[in-house]
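1. any chance you could fold what I've pasted below:
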Amino acid sequence: MFLIMIGNGMQSTLMGIRGGLEGFSTSELSVVTSTYFAGFLIGSRMASSFIRSVGHVRVFAALGSFMSAGLIAFPMFVEPWAWALIRLLLGFCLSGVYVSAESWLNEKATNTTRGTILSAYMLAQTFGLVGAQLLVGVTPVETFTVFAIASILVSLSFAPILLSASPVPLAENIKPMSLKRLYQTSPLATVGTLLLGGVFAAQFGMASVYGSEIGLSTGRITTFVASIFLGSIVFQLPVGWLSDIFDRRLLILGVAVMGGVASLTPWVFGPSFPVLLGTGFMMGGMASPLYSLLIAYCNDYLELEDMPAASGGIIFIYGIGAIAGPLITGQMMSLIGDEGFWLFIAGTFLSIAAWCAYRMTIRSAPSVDEAGDYVSLVPTASQVAVTAVTEWTTEQDEKGESDG
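-> As a prediction, the model looks like this:
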């Protein structure tokens, strides 16, 4: 997964940098970005059926081949419509890879090791994205080589899976909770996740477009993007610790406000490189824990048997927001200039904060003692991982209460 995420992170950043060099407009690049999340959403709904039909190994092999071919195809078909189709394919393939890998990890893990294994898996994803920025930063982006490196890394990542002799599990088909029921369960988590999907997609896909538009060098663009992912790593632990002490809604409100205010900094003080690095670090550092907080808050109102379906609903609503986010960001950048990138992200963060403040006047929250544990999750995780981690933490919490 570390190698796959390097390859995926490389192509995502390259879209903005290489697209700018090829003369693609901001609106065209926003569509290219959005199609990735559309493919991811479609794939997440179909991956389990593929695995049940042909098995994990064949799904890995097929999706790995398509991903590798897609990465090589980028410099061969330099047209916005072609890149949009390739990105749609890559999003579809990667969602299937996630489901396969996470099903396998969850099956192999025991109750003792599951938390550690899934945490390591999510760290591997994030560090892979950071490593991707380092590779793009030292490789000439105007050449075929950088796409070939990404393709090679993705191809190599499948070797341990294809050569493994260990048995593989079946993928479980879990029907997502209806959006109406999900909203009734937690309006704050539902609307918050929808909005946050737009923030993540803008960070992940449009940050390099923004860097290219304001004239940053390739090295500075990749460093800026890396700062976003590093922030998401650093802030998970302290926010998780605070989540088990305070009312989660107060924390959601505070984190969203901090993310919104931080995102306004380049608009107020200008996009100097130090300002961009600090803003990227804070923006990523607030967004990723906010995703975990919203899922944890939703789970506070659910029974254990309802969590898998709710996880599917949360991921679906996140995907809808992720498709819309780049499109809206691209339009704002086209209409009002480069600062539209920051205004969209800041406005979305502050909208989450406003919705949270409103919901606090409507509904009381569970007490801190009644609330479940905070679950550290990355937005790239599929329904399998979200369900596995939330169920595991709930079981551990119930076990601790019975032992006590």
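2. give me the contacts around stretch 150-167.
-> Outside stretch 150-167, the residues within contact range by C-beta atoms under 8 Å, 6 or more residues apart in numbering are 1-4, 6-8, 10-11, 14, 56-57, 60-61, 64, 67-69, 71-72, 108. Glycine gets a C-beta too; all of them are placed from N, C-alpha and C.
3. likewise for stretch 262-281?
-> Counting by C-beta under 8 Å, 6+ apart, 207, 211, 214, 216, 220, 223-225, 227-228, 230-231, 234, 282-283, 286, 338-339, 342-343, 345-346, 349 sit against stretch 262-281.
4. now these: which count as buried?
-> For those, a burial check counting by 16 or more other C-beta atoms under 10 Å picks out 207, 211, 216, 220, 223-225, 227-228, 230-231, 282-283, 286, 338-339, 342-343, 345-346, 349.
5. can you flag which of those residues belong to helices?
-> Using DSSP state H, the members of the buried ones among the contacts of stretch 262-281 that fall in helices are 207, 211, 220, 223-225, 227-228, 230-231, 282-283, 286, 342-343, 345-346, 349.
6. report the distance from stretch 271-289 to the chain centre.
-> 16 Å (C-alpha atoms, centre = their mean, to the nearest Å).
7. again, but for stretch 76-89
-> 21 Å.
8. tell me how far the closest residue to residue 154 other than its chain neighbours lies from residue 59.
-> Among residues not flanking residue 154 along the chain, residue 7 sits closest, at 4.0 Å (C-beta to C-beta, 6 or more residues apart in numbering). Using C-beta to C-beta, to the nearest Å, residue 7 is found at 18 Å from residue 59.
9. who has more neighbours, those two?
-> Ranked by neighbour count (other C-beta atoms under 10 Å), residue 7 and residue 59 place residue 7 first, with 27 against 24.
10. just the buried positions in the strand or helix carrying the more buried one, please.
-> Using DSSP states H and E, residue 7 falls within helix 2-21. Under the neighbour-count criterion of 16+ other C-beta under 10 Å, helix 2-21 has 2-20 buried.
11. for that helix, name the packing helices and strands.
-> With contacts defined as 3 or more C-beta pairs under 8 Å, 6 or more residues apart in numbering; DSSP states H and E, the packing partners of helix 2-21 are helix 26-54, helix 56-73, helix 80-108, helix 114-138, helix 145-157, helix 207-213, helix 218-234.
12. tell me which of those helices lies nearest to residue 300.
-> Among the helices and strands packed on helix 2-21, helix 114-138 comes nearest to residue 300, with 19.0 Å by C-beta to C-beta.
13. what angle separates that closest one from helix 2-21?
-> 40 degrees (axes from the mean of the first three to the mean of the last three C-alpha atoms, to 10 degrees).
14. just the helices in the stretch 151-300 of the chain please.
-> 159-162, 179-185, 187-201, 207-213, 218-234, 236-243, 248-263, 265-269, 273-299 (DSSP state H, counting those that start in this stretch).
15. mean pLDDT added to those, as JSON lines?
-> As requested, these are arranged in JSON lines below (pLDDT from 0 to 100):
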{"stretch": "helix 159-162", "mean pLDDT": "74"}
{"stretch": "helix 179-185", "mean pLDDT": "88"}
{"stretch": "helix 187-201", "mean pLDDT": "94"}
{"stretch": "helix 207-213", "mean pLDDT": "93"}
{"stretch": "helix 218-234", "mean pLDDT": "92"}
{"stretch": "helix 236-243", "mean pLDDT": "83"}
{"stretch": "helix 248-263", "mean pLDDT": "94"}
{"stretch": "helix 265-269", "mean pLDDT": "92"}
{"stretch": "helix 273-299", "mean pLDDT": "91"}
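16. mind checking which of the ones you listed is nearest residue 309?
-> Nearest of these (C-beta to C-beta): helix 179-185, 8.5 Å.
17. so what does the closest one touch, helix or strand wise?
-> Using 3+ C-beta pairs under 8 Å, 6+ apart, helix 179-185 is in contact with helix 187-201, helix 307-336.
18. out of the ones you listed, which one sits most buried?
-> Highest mean neighbour count among the helices and strands packed on helix 179-185 (mean count of other C-beta atoms under 10 Å): helix 187-201, with a mean of 26.
19. for it, C-alpha coordinates in PDB please.
-> Extracted C-alpha coordinates of helix 187-201, given in PDB (Å, rounded to 0.1, in the frame of the first residue of the first chain):
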ATOM      1  CA  PRO A 187     -27.400  15.500  11.000                       C
ATOM      2  CA  LEU A 188     -24.100  17.000  12.100                       C
ATOM      3  CA  ALA A 189     -22.000  14.100  10.800                       C
ATOM      4  CA  THR A 190     -23.900  13.800   7.600                       C
ATOM      5  CA  VAL A 191     -23.700  17.400   6.500                       C
ATOM      6  CA  GLY A 192     -20.300  17.800   8.000                       C
ATOM      7  CA  THR A 193     -18.900  14.900   6.000                       C
ATOM      8  CA  LEU A 194     -20.500  16.100   2.800                       C
ATOM      9  CA  LEU A 195     -18.800  19.500   3.200                       C
ATOM     10  CA  LEU A 196     -15.500  18.000   4.300                       C
ATOM     11  CA  GLY A 197     -15.400  15.800   1.200                       C
ATOM     12  CA  GLY A 198     -15.100  19.000  -0.800                       C
ATOM     13  CA  VAL A 199     -12.200  20.200   1.400                       C
ATOM     14  CA  PHE A 200     -10.300  17.000   1.000                       C
ATOM     15  CA  ALA A 201     -10.800  16.800  -2.800                       C
END
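20. how far does it sit from the chain's center?
-> 12 Å.
21. quick one: low-confidence residue ranges for this structure.
-> Scanning the chain for pLDDT under 70 picks out 111, 115, 164-176, 365-375, 381, 390-404.
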